[in-house]
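**Student:** quick one: sequence and predicted model below, then my questions.
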Amino acid sequence: MRLIHYKLINLKIFLMKKIYYLPLLAMLIGTSLFAQKVAFEEFDLDNGLHVILHQDNTAPVVTTAVMYHVGAKDEAAGRTGMAHFFEHLLFEGTENIERGTWFKTVSSNGGTNNANTTQDRTYYYETFPSNNLELGLWMESERMLHPVINQIGVDTQNEVVKEEKRSRIDNAPYGKIIYKTGINKYIFKTHPYGNSVIGSMEDLNAAKLSEFKAFFKEYYIPNNAVLVVAGDIETEKTKSLVRKYFGDIPKGAPIQRKTVTEKDITETIKATEYDSNIQIPLKVFVYRTPENTSKDSYVLDMISSILTGGKSSRMYKNLVDTKKMALQVLAFNTSQEDYGTYTMGALPLGDVSLDDLGTEMDLEIEKLQNELISEKEYQKLQNQFENRFVSSNASVQGITNSLARNYMLYDDVNLINTKIEIFRSITREDIQRVAKKYLNKNQRLDLDYLKQEATK
Amino acid sequence: MKNNIVTFIAVFLISIGAQAQLDRSVQPKAGPAPKIQLGKPQTFNLKNGMKVMVVENHKLPRVSASLSLDNGPIFEGDKAGVRSLLSSLLGNGSKNISKDDFNEKVDYLGARISFGSQGANMSSLSKYFPTILNLMADAAKNPVFTQEEFDKEVTKLIEGLKGGENSVGEIANRVQGALTYGKNHPYGEFETEASVKNVSLTDVQEFYNTYFVPNNAYLVIIGDVDYKEVKKLVKKQFGKWKKGTIPSYTMPSVSNVAKTEINFINMPNAVQSDVSVISTTNLTMNNPDYFAVLLANQILGGDFDSYLNMNLREKHGYTYGARSGLRASRHTVAKFKASTTVRNTVTDSTVVEILKEINNIRTKDVDAEKLKAVKSSYVGKFVMALERPSTLARYALNIETNKLPTTFYENYLANINKVSVADIKRVAQKYFTTEQARVVVTGKAIDVLPNLEKAGYTINYFDKQGNSTDKPEMTKPIPAGTTKETVINSYFDAIGGKDNITAIASTMTVYETEMNGSKISVTEKRTATNYLASTAMNGATVMKITANNEGVYMNGQALPPAMSNEMKILGTFTEFSLLNNENATLNSIEMIDGKEAFVIKTTGEIINSSVYYDVKTGLKLKEAQSTSMGGRTQNQEATFSDYKEFNGIKFATKKTGSMGPQKMTFTLADAKVNEDVNDADFK
């Protein structure tokens, strides 16, 4: 890398007057960017399993991951929390992996592992030193082929999941904001995004063993999944290992997914939520935004950076620094397969009222809607996203997740390399247009998040 | 020919067999261990004491740098908050560039700079590294502290402190520190509104002048840089930074409690308890026990498969996770902590299980397979950490600051592998204790204390500031709309319907029990205006209490008016007198045997009584009375259970009474409504 830069600098000086050498120069620039490119190979097995392999021999690490295209939004009515509960169940063991030994098997072989569930998908991964690639493949294939789903598992994990809900949401400050349980139900009236991923205590207690078994049969099939292997591997050898472990897993029936559309929000939704773990209230505006593949979704990412990215950002500088009205500000875009939400908010300082914070935030939105951002701000934005892009593919584990996500939720694996182009193509006009289209008063949730008076 | 065909077929079959034959029941074995190279950063020193380490890594065009001032823990005392304030005020530009311009410049390049009271960090694309390093150095050496910024940060800090007051996790952490180390220790003290208000701008300036100096500074630079160029750059930016004089400080000594005790902090909003078993010991990285302790802690509570987590999460389902930790500490004692957060109802069981597992590792040999597995996990972690260039920098820093041998990390894996089963037991006994531990429980008293009190340990109570306090009131507030009347009406509805009850003219109950071979029976007769309680032993009346509007009589003798005036018991049900007595008020909700109960209290000079009604069912659960006269107090209690219907009205068929330490259980022998009660009975 350093060598290329050195050559590039010298060549550039030498060639300043020789335009006909431009193609060579361009090639060298392309090479330096190429060095950062994530190369990968993909193919399908006969049973429909999609496989993505990325070889990187710089560190003796390999991540094996499977993403299943099932999440909280696929849950039946009255069974909120099932997809996440099921994720827990898949650690209870398989026909060849004894109950209670999953984590031990990973750690005793030098690895780490985890899993997570969202509204759209469930993701499982192990990271091992590279001499344990086969172990990772075996474990994930075991899980896909014949996990043990029984009543003991259901009973134990029921308690664990309820404790997870308590510790993440019920007993944690601003839990309902972070995990959206105090937000999404207002924004989504018909779409399952209105439910939380963790589910309700009642639904969790009501889930039956037969339902879990049916859930597995319907969704945990190779033709509904993608396998990603990344790190210190040899691509060809890994291909045969993948076929060896996953080839014999039977294909499942095609999945019928229901599409649910939400009616547009045309009137402000005013609401109040309470939290007994906080002292300082929070004012929040939440807007419903388009799906993650829409260009506007990327524009909203940039808008949140304009508002709260760094100390010179608009909301921070104005509310926290200059006017001293807020203790902290936040703005972020969460986009998913069917819809997204854009959240912006502020914690008041001292006696400042939530209404006043709301007024200030409205001013910020109006500014975005009525004026183009300055050229300087625009350049700053591009620099910030360039930085993010460079850091986004820093670890094998991170690259694995990006490859899986891009395949399953964006239908474009190469996005891992081209995402920056989308941001580069966004104009100041795009920013103004998107602010005008989505960030309007009559299209939002206006939420006062208050302290619940403690019991004695 | 035949042989050839046979051989050919055999080979053919074997090769098909080999492809089809994946034996899933066999866990794949690991391949040969990957070769690892432990590089070392390049280093140089500045004359002012700063030591610089550079790790070149050209995978991505980015650089990060971190400055840390290794001055050891600093005690702030009554000015706790001066460090946080300095932290917030550093990085606001410098004498050479305004705050706004500084922030604009950093953000514009998409970079990050952040400051702490004893350090700073930056990250940027490699092409901007010299610019950003310059800004960071300038802000570090030439800060500007203004009164306006100071006042603003004080306000924010105090707001932030208030913000954590209802967070179980934050309070638990704070009080644990104060109790473990003592408030006169840098790790035990904490900021309060008072201490922050005690800090002035001058204090911040003085703290900066004294402690933000290069004497013990380390600057670590990692990423897409060239060592020679970095050396030039750093010398230019930091070479002239002047050394300072750091005052000496002696860390206060820290000791454990003499005997394991529970320390309880009440958080009425908690739906989970934070349970932490804490003790202190001595452990530095150059201690020969270090590696054995790492593994012992891993086994006890270092990962998902540990004793603690397997017990509390997987076996019992009490929690989302349980862990333990014992990190080496070079300036003061090292803290051992085993902790988890669990739902309220299992708090007491959790305490028992945590102590059980600590005892386990101290007294039983760890399974040889388990030790092997834990060693493998350490080897794996070590190998995988090398993916990050920051790892090498961290190792070099550790060697310097902990005075470790330079081959410490080369020998790391060998030392891990040397640890034996006996070593684990030995270090567990030396460094983990169940006899001198603080069991710090932060949770909701009314849910948790009743069972915790049965655990058999002394309980000391502390408030959110870590000060000793009294046992909390075990009460809950009344929900809006609930009154004495609604509680009593619920009771009437539960035993037969309010209208039916009101229509009754008389009631009679006979309760019986046996004591020392004698049969005791208590007969109670009631009308709206008359009361009789007659106690008989083996059929012979031994005591008779009557009451009417004139007074109360015991065995015919009138009780003193001071006392009888307070004995409001008239009515077919005692609840009628409660309704009419203005001294009887709905007081609170308390827990009775795991049930929530409304408490109607009647206060008086001589007699104080409480009646408890089940919040869920409405039924009366308990009556308690305390009589004080002439300096002597007598306590009586009766609990009611097993309600059954007699002539359409429910009566408690079981009544356990206690008079002082004496406990007796009465059974309902007879209950009559509008029957068997005559005026003559009350004479």
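**Tutor:** Done, it's in. All values derive from a computational prediction rather than experimental measurement.
**Student:** against residue B:401, how distant is residue A:304?
**Tutor:** Per Cβ to Cβ, to the nearest Å, residue A:304 is found 39 Å from residue B:401. C-beta: built from backbone N, CA, C; applies to glycine.
**Student:** now swap in residue A:101 and tell me
**Tutor:** Going from residue A:101 to residue B:401 by Cβ to Cβ gives 39 Å.
**Student:** okay, how far is it across stretch A:75-91, tip to tip?
**Tutor:** End-to-end distance for stretch A:75-91: 20 Å, by Cα to Cα, to the nearest Å.
**Student:** only the buried residues of it, if you could.
**Tutor:** Neighbour counts over stretch A:75-91 (16 or more other Cβ atoms under 10 Å in any protein chain shown) mark A:75, A:79-91 as buried.
**Student:** pLDDT score for residue 452?
**Tutor:** This is for chain A. Note on residue A:452: pLDDT of 84.
**Student:** hmm, I had chain B in mind actually
**Tutor:** Looking at residue B:452, its pLDDT reads 94.
**Student:** isn't it up against residue B:461?
**Tutor:** No - using Cβ atoms under 8 Å as the test, residue B:452 is too far from residue B:461 to be in contact (11.2 Å).
**Student:** more neighbours: which of those two?
**Tutor:** residue B:452 (21 against 17; other Cβ atoms under 10 Å in any protein chain shown).
**Student:** which parts of whichever strand or helix holds the more buried one are buried?
**Tutor:** Secondary structure from DSSP states H and E places residue B:452 in helix B:445-452. Neighbour-count burial for helix B:445-452 flags B:445, B:446, B:447, B:448, B:449, B:451, B:452 (criterion: 16+ other Cβ under 10 Å).
**Student:** test my guess that the third one contacts residue B:344.
**Tutor:** Pointing back at residue B:447 there. Yes - here residue B:447 reaches residue B:344: they are 4.0 Å apart, a contact under Cβ under 8 Å.
**Student:** next one: the longest strand along chain B to chain centre, how far?
**Tutor:** Assignment by DSSP state E gives strand B:632-646 as the longest strand of chain B. The gap between where strand B:632-646 is centred and where its chain is centred comes out at 37 Å by Cα atoms, centre = their mean, to the nearest Å.
**Student:** which is the next helix or strand following it?
**Tutor:** The helix or strand immediately downstream of strand B:632-646 is strand B:649-659, counting by DSSP H and E.
**Student:** what backbone torsions are found at residue A:352?
**Tutor:** With angles defined as degrees, to the nearest 10, residue A:352 sits at phi -60, psi 130.
**Student:** and the gap between it and residue B:159?
**Tutor:** As judged by Cβ to Cβ, residue A:352 and residue B:159 stand 10 Å apart.
**Student:** burial check on residue 165, number of neighbours?
**Tutor:** Here I'm looking at chain A. 24.
**Student:** wrong one, I was asking about chain B
**Tutor:** Residue B:165: 16 surrounding residues under other Cβ under 10 Å.
**Student:** tell me how far stretch B:81-88 is from the chain's mean position?
**Tutor:** So, by Cα atoms, centre = their mean, the centroid of stretch B:81-88 is 27 Å from its chain's centroid.
**Student:** and the most centrally placed residue in chain B, how far is that from residue B:221?
**Tutor:** Closest to where the C-alpha atoms of chain B average out (Cα atoms, centre = their mean) is residue B:274, at 2.0 Å. From residue B:274 across to residue B:221, the span is 39 Å (Cβ to Cβ).
**Student:** check the closest residue to residue B:156 other than its chain neighbours and give its pLDDT.
**Tutor:** With sequence-adjacent residues excluded and distances taken as Cβ to Cβ, 6 or more residues apart in numbering or on different chains, residue B:156 is closest to residue A:327, at 5.7 Å. Residue A:327 is assigned a predicted lDDT (pLDDT) of 92.
**Student:** residue A:327: what secondary structure?
**Tutor:** Secondary structure for residue A:327, judged by DSSP: H, G, I helix; E, B strand; the rest coil, is strand.
**Student:** count of neighbours near it?
**Tutor:** So residue A:327, with other Cβ under 10 Å, has 22 neighbours.
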